[in-house]
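Novice: Turn this into a structure:
(chains A and B)
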Amino acid sequence: MPTAPRVIVEVMLKPEILDPQGRAIIGALGRLGITDVVDVRQGKRFEITLDGALADASLDDLHRVAAELLSNPVIEDYELRIEA
Amino acid sequence: MTTVRVGVVSFPGSLDDQDAARAVSLAGAEPVRLWHADADLRSVDAVILPGGFSYGDYLRCGAIAKFAPVMGALVDAANDGMPVLGICNGFQILCESGLLPGALTRNDHLHFICRDQPLIIENASTPWTQSFEIGETIVVPLKNGEGGYVADESTLDMLEAEGRIIARYVGANPNGSRRNIAGITNARGNVVGLMPHPEHAVEDLTGPSTDGLGFFTSALSALTRDRLTTVGPAN
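Specialist: A predicted model of the protein is given here:
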């Protein structure tokens, strides 16, 4: 039995959008004594489990979910990949 | 003359729906409570999307509310010209649903902000701002964690060129909003999004001013005038 496919969607703020949470993380790194990190960007990861095989149509649906629900194209980019 | 009916939508997690409805009453119109799960605007003349944390701000502010059944009816009505005002979370929902350009992002300083905020009115021709004068300064509460307005430079330039920035923050920028934008309108001018809260500035007892009332009296007079135009004698 093949395992149900899992789809990973990662959403990141576009490079030109300020990420104040990432900056706050850099501030905390200094308190850990880590000084060689120059940039941190915070994003979101979604793990989507499907019932059965991944058809082309459902892949199209998932791109629509990623583009219209999981991310806001004004401020974010997404990447979608399939894990076996 | 029949009463002007202004709908106020309640989503799970809306906070300011009661205050918005009260502001509508104080302005002299009839507030009509609308429910997020009903795709029915109950024949209202205008709609307010109130502040709060619809769906707990899960995913992104307003991202889940835009799929609520009431929003389908609202988007159609807005595209037909119905006056719509989104305050704070309502502004976020209007951007998420595509009725207004841009997006609201986390305050640049990461803190939730709550203070009395001076604004300068820059567009007094929308149905929500007609009671003001261009250049008038008003003070209303501002309270948000994700109130930084962002859009790409060409969109910001377009908003400036078309006079679609209806209000800007005066003094220090409270949240990192591009070009100090506090509120914008759509191309047609009937849909307005505003991050500060005029509905909390309608009574001396509880507000820093009564300046906020102007948004609600504007809608009342705009809609009343529309009716007089519509039902007046034919030429």
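Novice: Smallest distance to chain B belongs to which residue of chain A?
Specialist: Residue nearest to chain B within chain A: residue A:74 (4.3 Å; CB to the nearest CB). The C-beta positions use only the backbone N, C-alpha and C, and glycine is treated the same way.
Novice: Let me know the secondary structure of that residue.
Specialist: Here residue A:74 is recorded as coil under DSSP: H, G, I helix; E, B strand; the rest coil.
Novice: shouldn't it be in contact with residue B:105?
Specialist: No. Counting by CB atoms under 8 Å, residue A:74 does not reach residue B:105; the two are 9.4 Å apart.
Novice: Overlap of the contact sets of these two?
Specialist: Residues touching both residue A:74 and residue B:105 by CB atoms under 8 Å, 6 or more residues apart in numbering or on different chains: residue B:150.
Novice: ok, these two, which is more surrounded?
Specialist: Using other CB atoms under 10 Å in any protein chain shown, the more surrounded residue of residue A:74 and residue B:105 is residue B:105, with 27 against 19.
Novice: residues contacting the more buried one?
Specialist: A:17-18, A:75, B:146, B:148-150, B:176.
Novice: Could you do residue A:67 as well?
Specialist: A:73, A:78.
Novice: now do the one 4 residues further on
Specialist: Neighbour list for residue A:71: A:9, A:11, A:77-78 [criterion: CB under 8 Å, 6+ apart].
Novice: Any chance of JSON lines for those residues, columns neighbour count and pLDDT?
Specialist: Shown next, in JSON lines, are the contacts of residue A:71 (neighbours: other CB atoms under 10 Å in any protein chain shown; pLDDT from 0 to 100):
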{"residue": "A:9", "neighbour count": "21", "pLDDT": "98"}
{"residue": "A:11", "neighbour count": "20", "pLDDT": "98"}
{"residue": "A:77", "neighbour count": "15", "pLDDT": "98"}
{"residue": "A:78", "neighbour count": "19", "pLDDT": "98"}
